[in-house]
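Undergrad: The following comprises the amino acid sequence and a computationally predicted model.
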Amino acid sequence: MSEHYLQVNTITKQFSGLVAVDAVSFHVDKGEIVSIIGPNGAGKTTVFNMLTGVYQVDTGEIIFEGKPIHNLQPQDIVEAGLSRTFQNIRLFGDMRVIENVLVGTHIKTKYGFFDSLFRTPRFRREEAELTLKAVEILRSIGLDSYIHNYAESMPYGAQRKLEIARAIATDAKILLLDEPAAGMNPQETEELMDFIRSLRDKGYTILLIEHDMRLVMNISDRIYVIDHGKRIAHGLPSEIQGDQRVIEAYLGGAKTNAED
Amino acid sequence: MRKDFIYIVENFLSRYKLIAWAVVCAGMLAVPLFGFSPFIMRMFIMIGIFAILALGLNLLTGYCGQVSLGHAGFFAIGAYTYALMKINLDAPFLLAMVVAMVISAGCGFLLGLPTLRLSGNYLTIVTLGFGEIVRMVIINWRSLTRGPLGIGGIPAPELFGTTFTLTNHGFYYAMLVMLALTGLTCYAIVNSRTGRAFKAIKQDPIAATMMGIRTTRFKVLAFVLSALIAGAAGAFYAPIIGFIDHNTFNFDISVLILTIVIVGGMGTMRGMFLGAIIIIAFPEVARFLMTYRFVVYGLLLIVMMRFRPQGLLGWKSRLPYNIPKAAKKQLEAGA
C-alpha cells in the first residue's frame, strides 16, 4: 500500500447493535481537499469523531504521517496535527474572539505555570507572539474587525469562520471541517469556498463533511460517499454527480422503494 | 441605559487606572487611622478573609466551572494545620502558613481526582461530602484535633519579632498583604494560558478537549489552587478568632463562600470584593432588624438573583481586549 498522508483502513464503529460506520476506508493526500458526503445519519460525523479521538475505533486503523493515531487521546491527536470544527457551533461564547483563537494556540504555548505567575520575560514574549499570531489568523479569515467582540455576539457566518480560525491556531496540518457552510446564505458560502481554497493554497490539507452540494462539487479534489455507514462511492466530483448509487442514496431509487 | 452607565464607569476607571488604584490602596492603608472600634476592625478583617476565600473559589467555580460546596473543608484544614503547628511544634508563622497551604492543596488534589469521572452536579455532591468528611475527621481524630473540644488559645502570628494583634493593627495589615497577594496571583493565573483553559473548560469541555486542552489536568489544577488559597485563609483565620472547633467550619461556611462568589459576580475578580463586603457586613449592619435580619437577608438574595442573576458586578467588560504591549506596538506599526 502506498503511503498516504492520512490513511484510514476499514474503521468500524458499533453502538450496541447499530453499526454506525462499517469498514470505511479512505485516504487523504497532502494538499488535497477531500469531502465526505452522504445522507443524514449516514455516519459522517461518527467518522470525524473517530478521527479526532472522541470515539474509540472498534476495528480498523487510522494512520497519519506514517503513525497510527486511532484510539489516542483527543489532545494527542490535536498535537499530531488534526484539528476540527463542529457541526453545531461550539465556540467559547463568553470569551472574546481573540481569546477563542488564543485557546487554539494552547498546545503550542510553551511557557509554564510559574512563568505566568511571575510574568517572566518568556511569558511576555510568548504572549505577545501568540497574540500577533491570533490577530494574523483572524485577519486572514476576515474577522479582524471582531477581535474585541465576544464570540457569541457575532453573526452566524462569522462564528463559523471563527471555529475554523480556532482550529487553524492549533497549527493543524489537516483541518476537519464538519458542515462549515451549514446555515450560511449563498454569498457567505461563496466566500467560504474562496477561503477554503486559499487555505489549501497555504498548504493545509482539508477533509470536509458537507451537505451543500454546490460547495462540495466546486472545491473538492475527491469525494467519498457514505450511506448507512458504508462507503458506496468514491471519485472525482464529476464522477460522483453521475453515480447511480449516490443518486439512489440521496433520492431513493425506484428499485429500493419497490422492495420497501 | 444601564449598560451605557457601566461602559462610562469602565472607561473612566481604565483611563484613570493608576489614580483609582492609588486611591483604593491609600484608603485601605489608612483605615486604622480613623480609630474604628476593634469590633469594626475585626469586621474589616473578616471581609478580607472571605474575599480571599471567594477569590480562591472563584478560580474553581467562576472560571473553571466546577462548583464546590465543600470549601469550608479546605478552610478548616488550613486553620487546624496552623493551630496545631503553632501549639504543638511552636513553628514560626510563615512556616505554619506554608505547611497549611501545602496540606490543603494536597487535599485539593485528592478532591480534584474524581473530576476524571464526574462533572457538574455529581461532582458538587462529592465536594459536599468532602466538607462533611473533614468535619467528621476533626470530631473523631481526638488525639490530634482534640475532637469536639476544639482548639483554643491559638498563638498570634509573628514576623520579624513583632506579634500581630487586633490592637496594633498587625492583623489588618497582614490581611491586606494576603489579599493583595491573592488578588495578584489570581489575576496572573486568569490572564494566562491557564486562565484561558479554565474558561474554555467552563464553557464547553468538549470543544476545549478538541483544542488540545487536557481538561482533567486543568480541573485538578483549579482544585489545587483553590484549596491552596482557602488553606492560607484558614491559617490566617485561626489566630484571629483564637478558638476553632468542628462547627467553625460547617456547611454554612461553604455556602457563604459560594454565595459571595455568586452575589459578587462569578468569573469576575471585582465581584469577589463587593460580594464579601455585602455578605459579611450585612448581618452586622442590619442588627437593628433584630430577629428579622436573616429573613431580610434571604429575601435580598432572592430579589438579587431574580433581577441580576449574573451577580452585582457580573457584567462582561466592554473595554477592548487587553493586548500585550509588545504585540500592540507591532500591530500599530503594521497597520
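TA: Now that the structure is in, tell me what you want to look at.
Undergrad: to the chain's geometric centre, what's the distance from the longest helix anywhere in chain A?
TA: Longest helix in chain A, counting residues (DSSP state H): helix A:121-140. Centroid separation between helix A:121-140 and its chain, computed with Cα atoms, centre = their mean, to the nearest Å, is 24 Å.
Undergrad: quick one, strands of the stretch 151-260 of chain A?
TA: Taking DSSP state E, counting those that start in this stretch, the strands of the stretch 151-260 of chain A run over residues A:174-178, A:205-209, A:222-227, A:230-235.
Undergrad: Mind putting the ones you listed into a markdown table with mean pLDDT, distance to chain B and mean neighbour count?
TA: In this view, the C-beta of every residue, glycine as well, is placed from N, C-alpha and C. Shown next, in a markdown table, are the strands of the stretch 151-260 of chain A (pLDDT from 0 to 100; distance: least, Cβ to the nearest Cβ, whole Å; neighbours: other Cβ atoms under 10 Å in any protein chain shown):
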| stretch | mean pLDDT | distance to chain B | mean neighbour count |
| --- | --- | --- | --- |
| strand A:174-178 | 94 | 10 | 24 |
| strand A:205-209 | 94 | 15 | 23 |
| strand A:222-227 | 92 | 22 | 23 |
| strand A:230-235 | 90 | 25 | 17 |
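Undergrad: quick one, phi/psi of residue A:61?
TA: With angles defined as degrees, to the nearest 10, residue A:61 sits at phi -140, psi 150.
Undergrad: how about it, what does it touch?
TA: Residues in contact with residue A:61 (Cβ atoms under 8 Å, 6 or more residues apart in numbering or on different chains) are A:8-11, A:68, A:70.
Undergrad: Also residue A:34?
TA: A:26, A:28, A:206-208, A:220-224.
Undergrad: again, 7 Å this time
TA: A:28, A:207-208, A:220-222 (Cβ atoms under 7 Å, 6 or more residues apart in numbering or on different chains).
Undergrad: And the contacts of residue A:61, which of them are buried?
TA: Buried members of these, counted by 16 or more other Cβ atoms under 10 Å in any protein chain shown: A:8-9, A:11, A:70.
Undergrad: Could you show which parts of chain A are in contact with chain B?
TA: A:52, A:74-75, A:78-79, A:84, A:86, A:90, A:92-96, A:98-99, A:102-104, A:106-107, A:109, A:113, A:116-117, A:119, A:124, A:127-128, A:131-132, A:135, A:147-148, A:150, A:166, A:170 (Cβ under 7 Å from any Cβ of the partner chain).
Undergrad: mind checking the SS state of residue A:20?
TA: Classification of residue A:20 by DSSP: H, G, I helix; E, B strand; the rest coil places it in strand.
Undergrad: Pull the number of nearby residues for it.
TA: When neighbours are counted by other Cβ atoms under 10 Å in any protein chain shown, residue A:20 registers 20.
Undergrad: which residues sit in contact with it?
TA: Residues counted as contacts of residue A:20 (Cβ under 7 Å, 6+ apart) are A:13-14, A:43, A:46, A:229.
Undergrad: Please repeat the previous calculation with a cut-off of 10 Å.
TA: A:12-14, A:41-43, A:45-47, A:49-50, A:55, A:58, A:228-229 (Cβ atoms under 10 Å, 6 or more residues apart in numbering or on different chains).
Undergrad: try residue B:305
TA: B:262-263, B:311.
Undergrad: run the last query once more with 8 Å
TA: Counting by Cβ under 8 Å, 6+ apart, residue B:305 makes contact with residue B:262.
Undergrad: mind checking which helix or strand it is in?
TA: Assigned by DSSP states H and E, residue B:305 belongs to helix B:293-307.
Undergrad: which parts of that helix are buried?
TA: Of all the residues in helix B:293-307, those buried under the rule 16+ other Cβ under 10 Å are B:293, B:301.
Undergrad: what's the spacing between that helix and its chain's center?
TA: Using Cα atoms, centre = their mean, the offset of helix B:293-307 from its chain centre is 22 Å.
Undergrad: And the helices in the stretch 151-260 of chain A?
TA: A:156-169, A:186-201, A:213-219, A:237-241, A:244-251, A:254-259 (DSSP state H, counting those that start in this stretch).
Undergrad: Mean neighbour count for those helices - can I get that in a markdown table?
TA: Converted to a markdown table, the helices of the stretch 151-260 of chain A look like this (neighbours: other Cβ atoms under 10 Å in any protein chain shown):
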| stretch | mean neighbour count |
| --- | --- |
| helix A:156-169 | 23 |
| helix A:186-201 | 15 |
| helix A:213-219 | 17 |
| helix A:237-241 | 15 |
| helix A:244-251 | 15 |
| helix A:254-259 | 8 |
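Undergrad: so which of those helices gets nearest residue B:296?
TA: helix A:156-169 (44.1 Å; Cβ to Cβ).
Undergrad: Against chain B, how distant is residue A:37?
TA: Noted for residue A:37: a distance of 22 Å to chain B, by Cβ to the nearest Cβ, to the nearest Å.
Undergrad: for the closest residue in space to residue A:176 that isn't next to it in sequence, what are its contacts?
TA: Closest residue to residue A:176 apart from its sequence neighbours, by Cβ to Cβ, 6 or more residues apart in numbering or on different chains: residue A:84 at 3.9 Å. Neighbouring residues of residue A:84 by Cβ under 8 Å, 6+ apart: A:48, A:51-52, A:167, A:175-178, B:210.
Undergrad: go again using 10 Å as the cut-off
TA: A:48-49, A:51-52, A:54, A:74, A:77-78, A:90, A:163-164, A:166-167, A:170, A:172, A:174-178, A:207, A:209, B:207, B:210-211.
Undergrad: Where do the helices of the stretch 51-200 of chain B begin and end?
TA: Secondary structure of the stretch 51-200 of chain B (DSSP H, counting those that start in this stretch): helices at B:71-89, B:93-112, B:120-140, B:142-145, B:170-190, B:193-203.
Undergrad: now for the last one, which elements pack on it?
TA: Secondary structure elements in contact with helix B:193-203, counted by 3 or more Cβ pairs under 10 Å, 6 or more residues apart in numbering or on different chains; DSSP states H and E, are helix A:97-104, helix A:113-117, helix A:121-140, helix B:170-190, helix B:205-210, helix B:215-241.
Undergrad: cutoff 6 Å now
TA: Helices and strands touching helix B:193-203, by 3 or more Cβ pairs under 6 Å, 6 or more residues apart in numbering or on different chains; DSSP states H and E, are helix A:97-104, helix B:215-241.
Undergrad: which residues does the most centrally placed residue in chain B contact?
TA: By Cα atoms, centre = their mean, the mean C-alpha position of chain B lies nearest to residue B:53, the distance being 2.1 Å. Neighbouring residues of residue B:53 by Cβ atoms under 6 Å, 6 or more residues apart in numbering or on different chains: B:230, B:233, B:257.
Undergrad: Most neighbours among those, which one is it?
TA: Neighbour counts for the contacts of residue B:53 (other Cβ under 10 Å) peak at residue B:230, which has 36 neighbours.
Undergrad: Need the residues that contact stretch A:119-127.
TA: A:111, A:115-116, B:324.
Undergrad: can you pull the buried residues of it?
TA: Neighbour counts over stretch A:119-127 (16+ other Cβ under 10 Å) mark A:123-124, A:126-127 as buried.
Undergrad: which of these lies closest to residue A:236?
TA: Taking Cβ to Cβ as the measure, residue A:236 lies nearest residue A:126 of those, at 44.3 Å.
Undergrad: Per-residue pLDDT of that closest one, please?
TA: Reported pLDDT at residue A:126 in the predicted model: 92.
Undergrad: what residue ranges in the stretch 101-250 of chain A are flagged as low confidence?
TA: Along the stretch 101-250 of chain A, no part satisfies pLDDT under 70.
Undergrad: my bad, the stretch 1-150 of chain B
TA: In the stretch 1-150 of chain B (pLDDT under 70), the answer is B:1-3.
Undergrad: could you redo the last one with a cut-off of 80?
TA: Filtered on pLDDT under 80, the stretch 1-150 of chain B yields the residue ranges B:1-3, B:115-116.
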